[in-house]
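Student: Build me a structure from this.
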Amino acid sequence: MKQFIIQSKGGAGKSYLAKLLSLKAEKEERETYFLDCDNSSASSTKFFNGIKDRKSKYVKFSSFNLLGPDKKIDRTRFDTFLSEVEKLENVVADFGATSSDQLLYYMMEEQKNGVLETFAEMNIQLLLVVAGGGSAKECVEFFGLANKIPGIGSITHLVANEFQGGVNGKTVKEFTNSKIQIGKLHDDANSEAQKEWDKLMIDGVVYSDIMNITVIRRRRIVNYLDNIFNQINSL
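Tutor: Now for the predicted structure:
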């Protein structure tokens, strides 16, 4: 499967999802290429650099700059990028805020040339992250923009990020009717368990690290991850 993670709102959880998918790839022993297409944030790069000396053989990482000097998708670069993606079986591409916006505009312009059909033939899924709370307005606007592309729903799955709260009195999952829901590891965002997990996800963690954590902490993390992994596997 090839998955492009998109959302124009910075801090909505795109890179967090990519990091979770790297743990999933390691646990399931599924060779996966992680491509950082975010030119405005170093979140994914910092994470993967943090594990470069001990990451699983199943996790590969590289960066791509898909934007030209005008900050729009460079068509030659993007075509080369897709040609590389086509050769691979499993890919997770983390698009940044600007790159996500420009990807949608590119897709709008290329509808007549069958861009959606190309994505479908290449087995590409769009994972569109929607966060609630203070991020809800911009996330929902991006969701609305994406829905203006006829047929995009056939290759798109919504990911509800509940970290920051809900949308219009509902959970993000309820509001968007998404199939994937991601919450905090711990109900108390200020707990030591949550702070420890946040630090691991910033500095870099591999699945074998989790297996070396003490029993109760390990069980909490494994249960949290398995819940998310099972949702993704059900797509």
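
Student: What are the buried residues along the lowest-mean-pLDDT helix or strand in the chain?
Tutor: Every helix and strand of the chain was ranked by mean pLDDT, DSSP states H and E. The lowest is helix 43-50, at a mean of 84. Within helix 43-50, the residues scored as buried using 16 or more other C-beta atoms under 10 Å are 43, 44, 45, 47, 48, 50. (Glycine included, C-beta is placed from N, CA and C.)

Student: now, among those residues, which is nearest to residue 190?
Tutor: Closest to residue 190 out of those is residue 43 (21.6 Å), distances taken as C-beta to C-beta.

Student: Hmm, residue 13 and that closest one touching each other?
Tutor: No: taking C-beta atoms under 8 Å as the definition, residue 43 is not a contact partner of residue 13, at 10.3 Å.

Student: show me where this structure has helices.
Tutor: With DSSP state H as the criterion, the chain has helices at 14-28, 43-50, 75-87, 97-109, 115-121, 136-146, 172-176, 192-203, 207-211, 215-233.

Student: Tell me which of those helices sits most buried.
Tutor: Highest mean neighbour count of the helices of the chain: helix 14-28, a mean of 22 (counted as mean count of other C-beta atoms under 10 Å).

Student: Name the residues that touch that one?
Tutor: The contact list for helix 14-28 (C-beta atoms under 8 Å, 6 or more residues apart in numbering) reads 3, 5-7, 30-32, 34, 38, 41, 43-44, 47-48, 55-56, 58-59, 90, 92, 94-96, 100, 127, 129, 159, 161, 182, 201, 205-208, 210, 225, 228-229, 232.

Student: In the protein, where is pLDDT below threshold?
Tutor: Applying pLDDT under 70 to the chain picks out residues 39-41.

Student: What's the separation between residue 81 and residue 124?
Tutor: 12 Å (C-beta to C-beta, to the nearest Å).

Student: right, and residue 213 touches residue 221 too?
Tutor: Yes: using C-beta under 8 Å, residue 213 is in contact with residue 221, at 6.8 Å.

Student: Could you check how far stretch 208-223 is from the centre of its chain?
Tutor: Stretch 208-223 sits 23 Å away from the centroid of its parent chain (C-alpha atoms, centre = their mean, to the nearest Å).

Student: first to last residue in that stretch, what's the distance?
Tutor: Length of stretch 208-223, first residue to last, C-alpha to C-alpha, to the nearest Å: 15 Å.

Student: Can you check which strand is longest in the protein?
Tutor: Assignment by DSSP state E gives strand 124-131 as the longest strand of the chain.

Student: Can you check what angle separates it from helix 136-146?
Tutor: If you take axes from the mean of the first three to the mean of the last three C-alpha atoms, to 10 degrees, strand 124-131 sits at 150 degrees to helix 136-146.

Student: could I have strand 124-131 exported to PDB, CA atoms only?
Tutor: Output of strand 124-131 as PDB, limited to C-alpha atoms (Å, rounded to 0.1, in the frame of the first residue of the first chain):
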ATOM      1  CA  ILE A 124      -2.200   5.200  -3.600                       C
ATOM      2  CA  GLN A 125      -4.400   6.200  -0.700                       C
ATOM      3  CA  LEU A 126      -4.700   9.700   0.700                       C
ATOM      4  CA  LEU A 127      -4.800   9.800   4.500                       C
ATOM      5  CA  LEU A 128      -6.400  13.100   5.300                       C
ATOM      6  CA  VAL A 129      -5.800  14.100   8.900                       C
ATOM      7  CA  VAL A 130      -8.500  16.200  10.700                       C
ATOM      8  CA  ALA A 131      -7.700  17.700  14.100                       C
END
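
Student: who does it pair up with?
Tutor: strand 2-6 (parallel), strand 156-161 (parallel) (DSSP bridges).

Student: Which residues outside that strand are in contact with it?
Tutor: 1-7, 9, 11-14, 17, 85, 119, 136, 139-140, 142-143, 146, 152, 155-161, 163-164, 167, 172, 175-176, 178, 180, 235.
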